[in-house]
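Q: with the sequence up front, the predicted model follows.
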Amino acid sequence: MNNLPIRYKLIVLFMLISILPSIGLGFLISWTSDKIIERQVSENTLQLIAKVNKSLEFYVSNLQNMTYLISFNSDVRQFLEKNTLDSGKEYEIHKFLQGFTTLHTEVAGILIMNQAGNYISNELYARTDKSLTEEAWYQEAVRSNGLFKVVGRPAGRNITSHVNYRDDEVISVVRAILDPDTQQLMGVVLVDLKLRVIAETAKDVRLGKTGYLMVIDDKGENIYAPKHPLIKSVSADWFGDGEAASGNISKKINGERLQLIYQKSPFTGWTTVGVFSTRESALEVREINFYLISFVFIVCLLGIAASLNLSLTIARPIIQLKSLMQRAESGDLTSRYHGGRMDEIGLLGRSFNAMIEQIGKLLHLTELQARQKRETEFRALQANIKPHFLYNTLDTIQWMARKQGVEDVAVLVDSLSKLFRIGLSKGSDIISLSDEMEHIQSYLKIQKTRYKDKLSYSIDIDPYIGSYWVLKLILQPLVENAIYHGIKERRGPGHIWIEAKRSGNKLVLKVTDDGKGIAPETLAELRSNLEEGFKEGAEEHGVTEKERSGYGLMNVQARIRLTFGPDYGLSIDSAEGSGTTVTIVHPVVDREMRLEKWGQGI
C-alpha cells in the first residue's frame, strides 16, 4: 500500500470508509434496537405489573384495615373475652359485619372466633362440629402473633359459606387478636376475598398478541391464571429471593422460548408474572433489520461512486504540489503555487508559498543573528574584566585594613568579597550547597557587624550533602526577611537557625527565627501568594509595604517551581510573638544530574 499512487490509496480508503462503517453501523443499530426493544418491553411490562400489584395491595390492605376495625369493636372484644354473648349483642355484631360486606363487595365472608372455638360470622359457618381451632389457618394466625397474614386459597378447610364459594374462588387472610395489656391470644379474625377481583385486575392486561399476566403465591401455587395459558404453572425457584424481587428470565417450554417478567409484592407476598413469547419482539427486530440492510446496500453503492470521483479530485492538485516541493527541495526558492481553489488543497498551496517566503526571511535573519552573536561574545569578554577588577580592589582594601590593624573592617570586606563572588558565580544559576551556605554566612557576618548583640545565628548542615547542587541565592531572601521583619521588630536580642538535611530524594532547608512572628491574616495572605504566584511588576502598581516584603519569598518560590516543578518550593509556619520558620523543599541534584541538565558551562 505504501508504494501505490495516492489516487489508488484514496479509492481504497474511501471505499473502506463508506462500506465498513455502514456495515458496522448496521450491526450496531440492529443490536441496539434489539436491546432497546427488549428493555422497553421489560420496563412497560414491569409498569403494568406494578399497577396490578398496587391494585392487589389495595384490596388486601382494605382487608387488613377491616381486621383492625373488627378487633376494636367493643361488642367483638366482649365476645372474645367472655366467649358467649346474649342474642342482642350477637345480632349487633352480625349487623356490624354485614356492613363490611355491603360496602366492600369483594369480601366473600368474615368470621370471628375466640379461644374456646366459638365463632360469629355473617356468611361463613363450620361444615362439622370439629373445633375450628385445629384448622391450619387458625394455627397460622396464632404463629403470626398478631400480624396480618395472607394464607392463600382455603384448600380442605372445615368452613363453607351460604353462597357456597369453591376453594379456588376465594383467598383467605387472617389476623390474631391479642390482649393489649397481656399480649395473650383472644381470638382470630378470618376474611375471605373473592378471587374475581384479582382476575378482573389481571385479565384485562395484554402483553402483545398472546401474552398475559398471572399471579402466584410464595409457594408457587397459582392465585390467578388465564383459561388457556402458555405455561400451566410457574415454580417459585425460578425467581430471585427477597421481599421486593423483580427481574426478567427466559425459559424454553414445550419447544417455545418464553419471556417471564416478574415482580414480587412485599406486602402480599404474591408474585405477578408477565408471560409472552419472544417471537413477538423478534418480528419487530426483523422488520428493523430489513430496513437496515436496504440502507447499507444503498450507502455502499453511493460510496463506491463517490470514492472514484473524490480520489481523482484530490489526487491531481496534490501531485502538482509534490512537483513544486521537489523544485524547492533542490534549492529553487522562486517556485510558487498558482491556483484559485478555496478548499484545503488551495490553503495548502498558499501555505507553501508563505513557507517559501518565510524560509527566505529566516535565512536572512540567521545571517544577521550570527553577526550579532559574534559582537555579543566580544562585549561579554570585555565585561568579564569588571568583576575581576572588583575582586582585586576588595582584596587590596582587605590587605590594607589588616595592615592598619582594623580587623573588623577586614572581616567585613572579606565577607562582602565572598558575597559578590558567590552571587556572580560566573553567570551560573546553580551552585553547590556548601557555596550557598558560605554565601549566607558572609551575608550574616555583614549583618552581625551592623546589629552586633541584637543578632546571633547558628548554621547546621549535614556534612554529607555539601556537594549537592542548589539554585543560588535561595537562602539570602529568607534570612533577610527573618532579620528585618522578625529579629528587628522584637524586643531584645534574637537568633536565627539555618538547617540543611536530606530527606529521601529531597533537600530540606529551614530558616527559623524567634522574632515577632506573623499575624494570622498576613500569614494566610503569604501562603496564598506562594500557591497562586506573585503578580509581575507589583512594584509598579502601587502594592503595599506588606506585599513588597513578601516579594523575595515569591521570587525564590517562582525560581524553584519554574526549574523543578510544583512538587518543590517554600512553605511558611509562624505564630505571632513566637517566631517564624520558612522551609525550602529542593530536589537532590548530584554531579551527574547537574551535568545532564545544565551542562559544563557553570
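A: Arrived safely.
Q: show me what counts as buried in stretch 39-48.
A: Buried residues in stretch 39-48, counting neighbours by 16 or more other CB atoms under 10 Å, are found at 41-42, 45-46, 48. C-beta here means a position set from N, CA and C on the backbone, and glycine is covered the same way.
Q: just the C-alphas of that stretch, formatted as CSV.
A: C-alpha atoms of stretch 39-48 as CSV (Å, rounded to 0.1, in the frame of the first residue of the first chain):
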residue,chain,number,x,y,z
ARG,A,39,-35.6,-3.1,27.6
GLN,A,40,-38.8,-1.2,26.7
VAL,A,41,-40.9,-4.4,26.8
SER,A,42,-39.4,-5.2,30.2
GLU,A,43,-40.0,-1.7,31.5
ASN,A,44,-43.5,-1.4,30.1
THR,A,45,-44.4,-4.9,31.5
LEU,A,46,-42.9,-4.0,34.9
GLN,A,47,-45.0,-0.8,35.0
LEU,A,48,-48.2,-2.8,34.2
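Q: JSON lines for the buried residues of stretch 39-48, including secondary structure, distance to Ala126 and pLDDT?
A: JSON lines is the format used below for those (DSSP: H, G, I helix; E, B strand; the rest coil; distance: CB to CB, whole Å; pLDDT from 0 to 100):
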{"residue": "Val41", "secondary structure": "helix", "distance to Ala126": "49", "pLDDT": "74"}
{"residue": "Ser42", "secondary structure": "helix", "distance to Ala126": "47", "pLDDT": "76"}
{"residue": "Thr45", "secondary structure": "helix", "distance to Ala126": "43", "pLDDT": "78"}
{"residue": "Leu46", "secondary structure": "helix", "distance to Ala126": "43", "pLDDT": "80"}
{"residue": "Leu48", "secondary structure": "helix", "distance to Ala126": "41", "pLDDT": "81"}
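Q: and the gap between Leu10 and Leu530?
A: Distance of Leu10 to Leu530, given as CB to CB, to the nearest Å: 57 Å.
Q: now the buried residues of stretch 39-48 in TSV, with distance to Lys322?
A: Shown next, in TSV, are the buried residues of stretch 39-48 (distance: CB to CB, whole Å):
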residue	distance to Lys322
Val41	59
Ser42	59
Thr45	64
Leu46	64
Leu48	68
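Q: mind showing which ranges of the stretch 301-450 of the chain have poor pLDDT?
A: Low-confidence segments of the stretch 301-450 of the chain, defined by pLDDT under 70: 373-403, 405-428.
Q: where do the helices of it begin and end?
A: Assigned by DSSP state H, counting those that start in this stretch, the stretch 301-450 of the chain shows helices spanning 344-383, 385-403, 407-424, 433-451.
Q: domain ranges for the protein?
A: Using automatic domain parsing, the domain parsing of the chain gives 1-329, 336-383, 460-536+545-598.
Q: could you dump these to TSV with distance to Lys445?
A: Converted to TSV, these look like this (distance: least, CB to CB, whole Å):
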stretch	distance to Lys445
domain 1-329	65
domain 336-383	28
domain 460-536+545-598	12
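Q: residues in contact with the nearest residue to Leu475 once chain neighbours are set aside?
A: For Leu475, ignoring the flanking residues on the chain, the nearest one in space by CB to CB, 6 or more residues apart in numbering is Ile440 at 4.5 Å. Shown in contact with Ile440 (CB atoms under 8 Å, 6 or more residues apart in numbering): 459, 475-476, 479, 498.
Q: show me the residues you listed that map onto helices.
A: 476, 479 (DSSP state H).
Q: which of the contacts of Ile440 are buried?
A: Of the contacts of Ile440, these count as buried by 16+ other CB under 10 Å: 475-476, 479, 498.
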